[in-house]
Every structure is written in C-alpha cells, then in structure tokens.
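[1] Return a 3D structure for these sequence lines:
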Amino acid sequence: MATLVNRKFDELSKTGNNGYSLPDPILTKIKMLCSEIGYVDDRQNTYVNQYNANVVTHVKKDAASGGGVGVANADSTPRLPGKKMGGDWKAKPTFNVTKFAALDNSQILINEIRSDMNKITEKNVDSKLETMHTNIDEIIDSTDGDQDDLKEKMDKLFDVVFNASVTNKLPAIYARVFETIAAKQSNLAEEFIQVKLDNYLKSMDGIVDVSERNYDEFCEFTAKNAARKNISALFCEIAKRGSIAALPFERIDILFESLLSKVIEDIEHKPRQKGADEITENIVVIFVNLGKLLNASKYMDRLRTLATYKNGEKPGLSSRAKFKFADLVGM
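    Model prediction:
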C-alpha cells in the first residue's frame, strides 16, 4: 500500500541516498508544482495555495522542438510575479481566517419566550422559567455591554410577558415570571413596572360608557376593562412576592386608597358613573387578592357608606357598584 509523505522542498531536493541530488529537470518540475499548489510546512492549518492557482505562466514557441511549448524565462524555471526563485522561492501566501460577526438571535429568543408565556401553566411553570432564565442570559450577552441595546431588548421582553399576563388570568404565575426577570435586571424591571403603574392609573381617568350598538367600540371598551382588572391582580401578586422594589406592598395600599377616593369623587357626577363602576371592579379585585394583608379597617367606614347610600342619592353611584361595596363590607 502506498504511503503519502509530506515533505518540504529542501527534503524533496535530496533523496537521502548518500547526498545524491535530483536532476535539474526534476527539481524544476517540483518547483513548478509547489508554485502552483503550495506545499506543507511545519505550521498548523496549512491550506492549498488558492492564489497560485490563478497565476498565468507566459509561454513561447520552442524553435528547436518544432513548435513545442517552452517556458519564457531564460533558466527554464516558471516565475511568479513579484516572487524570488532563489533559496526562498516559497510562494504560498499567509492564510487569513475569515471572521464572521456573531449572530444576534435575541429576537428568536424573545419569540420563544412569547410562545412559552402563552403555554405556561401551574404544571410546567418551573421548566418554562428555567428556559427563560437561559434565554435571558443569551439576550444580555448579545448586547455586549451596550446599555441602550440592553434596555431595548429587555423592554421587548417585558412587554411580551406583560401582554401575556393581561390576556391570561394567571397573575400568580406571571408574578413569578417578572421575579425571574427582575433577578437578572432589577433596575430595568423597576423602570418598566413604574411606567405600567403610571399608565394603569391614567387609564382610570375619562372612562365613558359605550353603546352596545357600536359593536367594535363596545368590544374594545370591554377588553380594556378586562385588561385593567388583570393588571390589578398582577400588581397584587407582584407586591405579595416583594421582588420588585417599584411595587412593594405599601404601594398597593396607596393605590387602593387612590382608587377609593376617586370613586367617592366620581359618584357626584352622573356622566362619570361608568368610570365609577369600572374603578369599583378594580377595588374589588385588589381587596380580594390581598385579603387579610390589606388593612381593611381603615377603609371600612367609607366602604360601608358607599354600600348604604339610597338609590339616586349619588347620581354617579349605580346599583351595581353599591352591591359590590356591600360585598366587601361583608367579607
């Protein structure tokens, strides 16, 4: 069986048989082949000389042979442009490894998280959070320390989780998700929650009734009311876990006080009745979610007053709202 042996030119120029040198025609052909394809040396990662493959050798007619092809150089040795053919005739250029930019797959990871958030349940929450933990690390690494890039990507991630929590009624689970994110990026988590809390409070202003005859507007109105209640429940669960500094339990207590004061103000005006009804719904959500954690005693007198107003006594207080407050008093 033939064995392939890689040798340098200096090794190839002698056979090793008592210093016997190869004939010049053989050496010339060896030089020609090495010039065309390169050759192996002691360094690692030696590759075929692609450069030499494109070299054009000029030829001339050999008058003595009657028109055969001869090499144009006087010493009958093919020369490469700009290359020496003496002792340092080696023609293989340095091989430069092509470098590729790192692939930023953060959007793919965020899409995976979006899919997981819509599939998350009590049974699979641990595995989903473990996967999210890994994905968040990759997203953070992809920013390479760029704080603007980090904020942009994390805000996308927060929005994905927040939108899923608003759509799906699993506040306790999504509170755990936000806790997982906050463990990685606490400052950005606090900023995001603060913005959402401000938007939540603003959404309580200017709520007006929409006729059921306008189907599209009525559906949008109903969806917004449902979203507000889901957000109320989410905020309560986040506060109970105490994992995000922007939303401690004390902040929910202040929020409850603010909503209750707004209802007392709105019931004085008939056009604000629908707003008072919707705010009352969120007061109930907070009261039920916090349970004994909420100091109900300091609110009880006002709740009892709202529940015992006579019909029509307050133009903006509906029977529906009165019954809700009566239920809270009875808890």
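
[2] quick one: low-confidence ranges for the protein?
    Applying pLDDT under 70 to the chain flags residues 1-20, 38-103.

[3] the helices in it, which residues?
    9-12, 24-37, 106-117, 125-142, 147-167, 171-184, 186-202, 215-241, 249-266, 273-290, 297-308, 319-330 (DSSP state H).

[4] which stretch among those helices comes nearest Val208?
    Nearest to Val208 among those is helix 273-290 (6.0 Å), distances taken as C-beta to C-beta. Bear in mind the C-beta positions are built from the backbone N, C-alpha and C, glycine included.

[5] The closest one: which residues count as buried?
    By neighbour count on 16 or more other C-beta atoms under 10 Å, the buried set for helix 273-290 is 273-287, 289-290.

[6] any idea how far Gln243 lies from Leu306?
    No Gln there; residue 243 is Ser. Noted for Ser243: a distance of 34 Å to Leu306, by C-beta to C-beta, to the nearest Å.

[7] Between the two, point out the one with more neighbours.
    For Ser243 versus Leu306, the count of surrounding residues by other C-beta atoms under 10 Å is larger for Leu306: 24 against 19.

[8] and the protein, what are its domains?
    1-99, 106-330 (automatic domain parsing).

[9] now, of those domains, which is deepest in the fold?
    domain 106-330 (a mean of 16; mean count of other C-beta atoms under 10 Å).

[10] what residues are up against Ala233?
    For Ala233, the contacting residues are 169, 171, 285, 289, by C-beta atoms under 8 Å, 6 or more residues apart in numbering.

[11] Surely Lys229 is in contact with Ile283?
    No: Lys229 sits out of contact with Ile283 when judged by C-beta atoms under 8 Å, with a separation of 10.4 Å.

[12] Find the residue at the geometric middle of the protein.
    For the chain, the residue nearest the mean C-alpha position is Ser106 (3.7 Å; C-alpha atoms, centre = their mean).

[13] Surely that one is in contact with Asp144?
    No: using C-beta under 8 Å, Ser106 makes no contact with Asp144, being 11.4 Å away.

[14] What sits closest to Ala321 if chain neighbours are left out?
    Excluding its sequence neighbours, the residue lying closest to Ala321 (C-beta to C-beta, 6 or more residues apart in numbering) is Thr280, at 4.5 Å.

[15] and the one you found, what is it in contact with?
    Contacts for Thr280 (C-beta under 8 Å, 6+ apart) come out as 263, 320-321, 324-325.

[16] repeat for Leu303
    Applying C-beta under 8 Å, 6+ apart to Leu303 gives the contacts 260, 296, 325, 328-329.

[17] what does Phe221 give?
    Val210.

[18] picking up where we left off before, show me which of the contacts of Leu303 is closest to Asp24.
    Among those, and counting by C-beta to C-beta, the member closest to Asp24 is Leu260, at 105.9 Å.

[19] pretty sure the closest one is touching Met300, no?
    No: with contact defined as C-beta under 8 Å, Leu260 does not count as touching Met300 (11.1 Å).
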